[in-house]
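J.: I'd like to go over a predicted model; first the sequence, then the structure.
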Amino acid sequence: MKFDVLTLFPETINNACDFSIIKRALTEKRIEINTINPRDFSKDKHKKVDDTPYGGGAGMLLSCQPYLDALNSIKKENKTKTIIMSPQGEIFNQEMAKNFANEEQLIIICGHYEGFDERIIEKSNAQEISIGDFVLTGGEFPALCIIDSVTRLLKGVLGDDESAEYDSHYDGLLEHPHYTKPREYENLNVPEILLSGNHEKIREWRRLQQFLVTKKKRPDLFLKFLNSNLSEYDKKILKKNNLF
């Protein structure tokens, strides 16, 4: 999968992607990350990419010409999605990450300063995406969140194709608790079921824990899950434990 990131600070993207799972995915050529600097497309002799807003107001706005020319320079794949990082956008979630992972190419436009000239949004036909109801200095860190969350869903990236399926939010629930050695620590013990070797019982226990953790920490998600198209397996566990 290709990620093409329009950013005034390409080093932020490149440096952050030089570690851990993202670096391994790059090395194994499961993903490709390209950074495009709109400043390189500016026709201003000083390579300016921003200007004062019409009508007055604080801050500087990013200009149409360098951003749209930079966007048009990118070779598009057959399945390409263009998004623009914006605090006004739809809140990013796991379902979006799964949908984006089905694309061949994700183009991410990062803003800075006061924001974009509205015509950049209109002409790019990009989906506005936010990572939360707060404001950051630029779109680079939100873009990295999306690159990371989408990359780990791609086949083969985690090494175990089932790993991501047990992550929090993958199917609308939070993740079950995890334990490792030692078996006992300061009078806290690993649940006996995990030591039983009974894989079906362990699977059922983990699913139940997902229900209980989600109900406790995110009752909104739990209620939404209960109103979804439940599997017979989930209904059985929920009814058995008086959760449904």
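T.: On my side now, so go ahead.

J.: Okay, domains of the protein per the record?
T.: 2-151, 168-240 (automatic domain parsing).

J.: tell me the most buried of those?
T.: Highest mean neighbour count of the domains of the chain: domain 2-151, a mean of 17 (counted as mean count of other CB atoms under 10 Å). Bear in mind the C-beta positions are built from the backbone N, C-alpha and C, glycine included.

J.: In this structure Asn189 contacts Arg183, no?
T.: Yes - between Asn189 and Arg183 there is a contact under CB atoms under 8 Å: 6.7 Å.

J.: Now the element after the longest helix anywhere in the chain, going C-ward?
T.: Longest among the helix segments of the chain by residue count, using DSSP state H, is helix 199-217. Next along the chain after helix 199-217, taking DSSP states H and E as the criterion, comes helix 219-226.

J.: Next SSE downstream of that next one?
T.: The helix or strand immediately downstream of helix 219-226 is helix 232-240, counting by DSSP H and E.

J.: could you dump that next one to CSV, C-alpha only?
T.: C-alpha atoms of helix 232-240 as CSV (Å, rounded to 0.1, in the frame of the first residue of the first chain):
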residue,chain,number,x,y,z
GLU,A,232,-24.7,-17.0,17.9
TYR,A,233,-21.5,-17.6,19.7
ASP,A,234,-21.6,-14.1,21.3
LYS,A,235,-25.3,-14.5,22.2
LYS,A,236,-24.5,-17.7,24.0
ILE,A,237,-21.8,-16.2,26.1
LEU,A,238,-23.8,-13.0,26.8
LYS,A,239,-26.9,-15.0,27.9
LYS,A,240,-24.8,-17.4,30.0
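
J.: Can you spell out which helices and strands pack onto it?
T.: Other helices and strands packing on helix 232-240, by 3 or more CB pairs under 8 Å, 6 or more residues apart in numbering; DSSP states H and E, are helix 199-217.

J.: next structured bit after the lowest-mean-pLDDT helix or strand in the chain?
T.: Least confident helix or strand of the chain, by mean pLDDT, DSSP states H and E, is strand 115-116 with a mean of 92. As assigned by DSSP H and E, the chain's next helix or strand after strand 115-116 is helix 118-124.

J.: Point me to the residue sitting closest to the centre of the protein.
T.: Most central in the chain under CA atoms, centre = their mean is Ile146, positioned 3.2 Å from the mean C-alpha point.

J.: Kindly reformat the domains of the chain as a markdown table containing distance to Leu158.
T.: A markdown table is the format used below for these (distance: least, CB to CB, whole Å):
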| stretch | distance to Leu158 |
| --- | --- |
| domain 2-151 | 7 |
| domain 168-240 | 12 |
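
J.: partners of the longest strand anywhere in the chain, with directions?
T.: Longest strand of the chain, by residue count under DSSP state E: strand 80-91. Paired with strand 80-91 in the same sheet, following DSSP bridges, are strand 105-109 (parallel), strand 127-130 (parallel).

J.: In TSV: those, plus distance to Ile202.
T.: Below are those laid out as TSV (distance: least, CB to CB, whole Å):
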stretch	distance to Ile202
strand 105-109	36
strand 127-130	37
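
J.: Between those strands, which one is closest to Thr82.
T.: strand 105-109 (4.3 Å; CB to CB).
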